[in-house]
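Student: Below are the sequence and a predicted model for it; my questions follow.
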Amino acid sequence: MCHNFFFESATYSCLYASVINLITLTIERYLKVVHPFCSKKNIKRWMTQVAMAFAWIAAILYILPVFPTTVVKDGNCLPYFVWESPATENIYIIFGIFVFFLLPLIVFIYCYGHIVVVMRRQMRVMAGHAGGGSQMNASQIQSKRVKWNIIKTMIIVSVAFVICWLPINIYFMIIRNTTQLSNIYIGYFPTVFLAYLNICMNPFIYATKHEGVKQILARLVTCCKCKGTTAVGNDSGNSSNNAGRMQQTPAGAAQP
C-alpha cells in the first residue's frame, strides 16, 4: 500500500510506458518512410499490439525492484531507501536514465536524421523526373508537404520530450549525491509535473500537426454532430406526433 499509493508506482509505470511507446512510434515512422515497401509487407497488426503490450510490461518490470527498497519510517513512505549495496542503487538509477532518457534521444537523432536525409534525396529525384505537367507538380507538392509535416510533428514531440524529461533526470542525479534533501526536495514536484505534462501534451501535438489525426478527429466530430442532429430530429418528430394525437383525442371522444 505504501509503495502503490504514496510512492505512486502506478503513475510512474505510466510515465515509463509512454516513453517506450514514443520510441516504438519513432521506429515505426522511420521504417515507413525509409523502408516503405519492406514495412508495408512485413509489419503486421499483431506486431503493433505486441509492442503496446511490451511497453506496459517493461515499465512494470522496471518498477518491481523498488518494492524491497521501500520502508515506512516515522509514518513516512520512503522508496529507494534500503538497498543491498550502493553499487546496486547506482546501477538501477543509471540503467533507468539510460533506458528512459538517453536511449530515446539516440533513437530520435538517428531515425529523424536518417529520415531527413532520405526525404531530401527523394525530393531531388522527384524534381529531376518532373516532366513539367501541372498535375505531376501538384502531386509532388502535396507529397512533400505531407512528409515534411510528419517530420515537423515528430521533431516537436522529441524536443518536448527533452525539455520535460531532462529536469527530472538531473534532479534524481543530484538527490542521489547529496545529504541535504530538505533544501532540494521542493524541486521534486515541478520536475515530476513536467514529466506528466509531456505524456499529456503529445495527443494535442498530433491533433494540431498531423494531417491523419486531424482528418480522423474531423470525421469523429462530424459523426457526433450527425448523431446529435438525428436524435434532435427524432425527438421533434415524436413530440409533433404526440401533440397531434392529443389534439385529435377530444374530438373523437365527443362523438357518440
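Tutor: Thanks, I have the structure now.
Student: Around the nearest residue to residue 111 once chain neighbours are set aside, how many other residues sit close by?
Tutor: In space, and not counting its chain neighbours, residue 111 is closest to residue 30: 3.9 Å by Cβ to Cβ, 6 or more residues apart in numbering. The C-beta positions use only the backbone N, C-alpha and C, and glycine is treated the same way. Residues within reach of residue 30, counting by other Cβ atoms under 10 Å, total 20.
Student: could you say which helix or strand contains residue 112?
Tutor: helix 103-129 (DSSP states H and E).
Student: Pull out the buried residues from that helix.
Tutor: Buried positions in helix 103-129, judged by neighbour count with 16 or more other Cβ atoms under 10 Å: 104, 107-108, 111-112, 115, 118-119, 126.
Student: Redo those as TSV? Include distance to residue 85.
Tutor: Output for the buried residues of helix 103-129, formatted as TSV (distance: Cβ to Cβ, whole Å):
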residue	distance to residue 85
104	29
107	32
108	34
111	37
112	40
115	43
118	47
119	49
126	59
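Student: and which of those is nearest to residue 87?
Tutor: residue 104 (25.6 Å; Cβ to Cβ).
Student: pLDDT averaged over the helix holding residue 112 - what is it?
Tutor: Average pLDDT, helix 103-129: 81.
Student: Also stretch 200-214?
Tutor: 74.
Student: One more: stretch 146-164?
Tutor: Rounded mean pLDDT across stretch 146-164 is 82.
Student: repeat for stretch 188-197
Tutor: Per-residue pLDDT over stretch 188-197 has a mean of 86.
Student: for it, which positions count as buried?
Tutor: For stretch 188-197, a neighbour-count test (16+ other Cβ under 10 Å) marks 191-192, 194-195 as buried.
Student: JSON lines for those, including distance to residue 10?
Tutor: Putting these into JSON lines (distance: Cβ to Cβ, whole Å) gives the following:
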{"residue": "191", "distance to residue 10": "19"}
{"residue": "192", "distance to residue 10": "14"}
{"residue": "194", "distance to residue 10": "19"}
{"residue": "195", "distance to residue 10": "14"}
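Student: Among these, which one sits closest to residue 42?
Tutor: Nearest to residue 42 out of those is residue 195 (Cβ to Cβ; 34.1 Å).
Student: Enumerate every residue touching that closest one.
Tutor: Going by Cβ atoms under 8 Å, 6 or more residues apart in numbering, residue 195 touches 15, 164-165, 168.
Student: repeat for residue 165
Tutor: Counting by Cβ under 8 Å, 6+ apart, residue 165 touches 19, 100-101, 194-195, 198.
Student: Let me see the backbone angles for it.
Tutor: phi -100, psi -20 (degrees, to the nearest 10).
Student: what does residue 43 give?
Tutor: Backbone torsions for residue 43, taken as degrees, to the nearest 10, come to phi -80, psi 120.
Student: nearest to residue 93, of the contacts of residue 195?
Tutor: Closest to residue 93, out of all of the contacts of residue 195 and judged by Cβ to Cβ, is residue 168, at 12.2 Å.
Student: Please report the distance of that closest one from residue 148.
Tutor: 31 Å (Cβ to Cβ, to the nearest Å).
Student: more crowded one of these two?
Tutor: residue 168 (23 against 13).
Student: Which residue comes closest to that one once chain neighbours are left out?
Tutor: residue 191 (4.0 Å).
Student: secondary structure element for that neighbour?
Tutor: With DSSP H and E as the test, residue 191 turns up in helix 188-209.
Student: again, but for residue 18
Tutor: Using DSSP H and E, the element containing residue 18 is helix 9-34.
Student: what's the helix or strand just after that helix packed up against?
Tutor: Moving toward the C-terminus from helix 9-34, the next helix or strand (DSSP H and E) is helix 36-42. The helices and strands touching helix 36-42, judged by 3 or more Cβ pairs under 8 Å, 6 or more residues apart in numbering; DSSP states H and E, are helix 9-34.
Student: Compute the inter-axis angle for the helix it packs on and helix 188-209.
Tutor: 30 degrees (axes from the mean of the first three to the mean of the last three Cα atoms, to 10 degrees).
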